[in-house]
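1. have a look at this prediction, sequence included:
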Amino acid sequence: MFDAKVIQMLLEGIKDTLYMTIVSTVVGYALGLPLGILLYVSSDKGLKPNAVLYRIGDFVCNIIRSIPFLILLILLIPFTRLVVGQSYGSTATIVPLVICAAPYIARVVESALNEVDGGVIEAARAMGASNLQIVFKVLLVEARISLITGFTITTGLLLGYSAMSGTVGGGGLGDIAVRYGYYRWQTDIMLVTVVLLILIFQVIQNLGTWIARRLDHRKR
Amino acid sequence: MSEIVIKNLTKRYEIRGNEVIALSGINITIEKGDIYGIIGMSGAGKSTLVRSINFLEKPTEGQVLIEGVDLAELSEKQLRKKRSEIGMIFQNFNLLEQKNVLENICFPLEITGSKKREARERAKELLHLVHLEDKERAYPSQLSGGQKQRVAIARALATNPNILLCDEATSALDPQTTAAILSLLREINEKLGITIVIITHQMSVVTEICNKVAVIDNGRLVEEGYVKDIFENPKSDAAKVLISGKEIRFTPLEHLDSSYKVRIVFGENSAYEPIISNVILKFQAPVNILKADTRNVNGRAVGEMILSLPDEEELQQSIITYLREKGLAVTEVTEHV
Ligand SMILES: Nc1ncnc2c1ncn2[C@@H]1O[C@H](COP(=O)(O)OP(=O)(O)O)[C@@H](O)[C@H]1O
Ligand SMILES: [Mg+2]
């Protein structure tokens, strides 16, 4: 039904979409995980409450999360240009995706850590564990299922956002959908990209759920 | 040197400008090898007190000395080391849900930086001690409450502590399991010479296993001493209420409550003499038995009865004198049975 050129383009689109989604999730986690730990540790029920630190982290997270992604994308154009040298294409899209994901992930991490039973932390402290040991040997281990679930949800979210960035020349399947479906009225190509996005989303979600279930020893 | 000395301990909390006094002026000395009970009703301050012993809670005033060392004088790092030398178990077990039994027991050794192989070997020894050899690879969610507490005990003993703190360790368990856990604790005390501090709201736990007891009421130490003495002759209201079985909240005997009541306690030697019949025969007066029970106090069978005596005051006094002459501990009961 499609010629080789279109198929080639769709394959490129899949590759770009996966590239944007995966890299921005990983980098987002690299920033969001420590930020989330910081929020948890400094909160008033945390291991080392620090109101000033918490309020700064809390404020930054809320500000960024309250800006709709499309607007964030446009707002960040000068910054993106500074970082990657251009403001369009998949690599450029990763910048706003990461900025959007990091505070989101920080919240996911904070709430995952908050779910860890206080009694277990108390037990670790009674054993002489330091705060650092409690974070890395207790909290992150006990909260890992929520962390993986959060990771999955974030990846799905970023997949959607990466597609959304297609409207401003972001590359990937979203870009193809906008160029062909919106500007050229080639509905068939657009439909295929939509189906591909749905499939990728399903794979991510099911994989995440499967891993989480495998690693959970709480009940069977 | 005493194992644990608590000197003049006061703990105040500030909640939104309001001051809560959780503990005030507590003095307790616990000797090496003691199984020391701390009993009190809910909210009395028991958990705060036991958490002060390993400085999870820092006292507002007063001192805690472990083997002569004042915990307040230790650096953060030294304090963590000290804590690793004091085991602790809890009502809700507090096991790591995502680690299996062996990993849980190894955990304190991982914290203190032991070698992995040595930790595993030690963990296996401990599994043997708590009779759970076959559960090495199980996860906490696959264990019963009693088994979880056994794992928690093994974990608490991993670092070879001299002291084991137990905060309501049997309160989430049924009576049979409670008895099994208590006998395990006694075994540990005897075999390893570990000093055990037991926090509980159940008198039966104290009489079953402790040699000494402190009664905490409303943040204050109201009575302290040998379990046997306090059980036979409780002086504080709190101790009386805890002993007279308030654990059984419902009582159908309220219509009998108007009369004058005494509680008598007798040991094995006096159990053979038909004392109650003798009282009735001697004084020609009716005596009503409201409650009778035998308990195990430090391994001895001890009987306890609550009697309702006739209304005449003179007669009451003669009966009490007679009972005391027969070697029984007699106390007046003021609260409902
Ligand atoms: N972290 C805390 N902040 C404020 N009040 C507390 C705190 N911990 C305990 N308390 C108060 O101290 C009192 C004693 O509590 P606790 O030691 O837990 O009693 P128990 O273990 O005997 O039931 C209670 O009134 C409780 O509300
Ligand atoms: Mg308590």
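-> Alright, I've got the coordinates. Because the structure is a prediction, the values reported are computed rather than measured. Ligands and ions are numbered 1, 2, ... in the order given.

2. which stretches in the stretch 51-200 of chain B count as strands?
-> When secondary structure is read from DSSP state E, counting those that start in this stretch, the stretch 51-200 of chain B shows strands at B:61-66, B:69-70, B:86-90, B:163-167, B:195-200.

3. okay, now the sheet partners of the last one, with direction.
-> For strand B:195-200, the paired strands and their directions (DSSP bridges) read strand B:35-39 (parallel), strand B:163-167 (parallel).

4. gap between the first one and the chain center?
-> Here the centre of mass of C-alpha atoms in strand B:35-39, compared against the chain's by Cα atoms, centre = their mean, to the nearest Å, lies 4 Å away.

5. one more: stretch A:33-53?
-> Mean C-alpha position of stretch A:33-53 versus that of the full chain (Cα atoms, centre = their mean) differs by 21 Å.

6. what secondary structure does the spatially most central residue of chain A sit in?
-> In chain A, the C-alpha nearest the mean C-alpha coordinate belongs to A:Thr154, at 3.7 Å (Cα atoms, centre = their mean). Using DSSP: H, G, I helix; E, B strand; the rest coil, the three-state assignment for A:Thr154 comes out as helix.

7. tell me where the chain has helices.
-> Answering for chain A, as no chain was given. Applying DSSP state H to chain A gives helices spanning A:4-42, A:51-66, A:69-75, A:77-84, A:90-114, A:118-126, A:131-133, A:140-142, A:144-164, A:172-176, A:187-215.

8. if you could check chain B rather than the one you did, that'd help
-> Assigned by DSSP H, chain B shows helices spanning B:46-53, B:76-84, B:101-111, B:116-129, B:145-157, B:175-192, B:203-209, B:227-232, B:237-243, B:275-283, B:313-325.

9. for B:Val101, find the nearest of the strands paired with strand B:195-200.
-> If you check each of those against B:Val101 by Cβ to Cβ, strand B:163-167 wins as the nearest, at 18.9 Å. To be clear about C-beta, it is placed using only N, CA and C from the backbone, and glycine gets the same treatment.

10. let me know the angle separating the closest one from strand B:61-66.
-> Interaxial angle of strand B:163-167 relative to strand B:61-66 (axes from the mean of the first three to the mean of the last three Cα atoms, to 10 degrees): 130 degrees.

11. contacts only, for B:Thr294.
-> With contacts defined as Cβ atoms under 8 Å, 6 or more residues apart in numbering or on different chains, B:Thr294 is in contact with B:Ala301, B:Val302, B:Gly303, B:Glu304.

12. thinking the last one is in contact with B:Arg295, fair?
-> Translated: B:Glu304. Yes. Between B:Glu304 and B:Arg295 there is a contact at 6.6 Å, judged by Cβ atoms under 8 Å.

13. which one of these two has more residues nearby?
-> In this comparison of B:Glu304 against B:Arg295, neighbours counted by other Cβ atoms under 10 Å in any protein chain shown, the higher total goes to B:Glu304 at 21 against 16.

14. what residue in chain A comes nearest to ligand 1?
-> Closest approach between chain A and ligand 1, counting by Cβ to the nearest ligand atom: A:Lys45, at 10.4 Å.

15. okay, now that residue: neighbour count?
-> Neighbourhood size, A:Lys45 [other Cβ under 10 Å]: 8.

16. dump the residue contacts of it.
-> A:Lys45 is in contact with A:Asn114, counting by Cβ under 8 Å, 6+ apart.

17. ok, the one 5 residues further on next?
-> Residues in contact with A:Asn50, defined by Cβ under 8 Å, 6+ apart, are A:Val41, A:Ser42.

18. pLDDT at it, what is it?
-> Among the per-residue scores, A:Asn50 shows a pLDDT of 96.

19. who are the neighbours in contact with B:Glu133?
-> When contacts are counted by Cβ under 8 Å, 6+ apart, B:Glu133 touches B:Lys124, B:Leu127.

20. ok, now how distant is it from B:Leu127?
-> Using Cβ to Cβ, to the nearest Å, one obtains 5 Å as the distance from B:Glu133 to B:Leu127.

21. A:Tyr54 too?
-> The gap separating A:Tyr54 from B:Leu127 is 42 Å, by Cβ to Cβ.

22. same deal with B:Asp229?
-> Taking Cβ to Cβ as the criterion, B:Asp229 is separated from B:Leu127 by 38 Å.

23. okay, those two: which has more neighbours?
-> B:Leu127 (20 against 14).

24. quick check, the more buried one in contact with B:Ala154.
-> Yes. B:Leu127 lies in contact with B:Ala154 (Cβ under 8 Å); the separation is 6.1 Å.

25. residues in contact with stretch B:110-117?
-> Taking Cβ under 8 Å, 6+ apart as the criterion, the residues outside stretch B:110-117 that touch it are A:Ala124, A:Met127, A:Gly128, A:Ala129, A:Gln133, A:Lys137, B:Lys81, B:Ser84, B:Cys106, B:Ala119, B:Arg122, B:Thr159.
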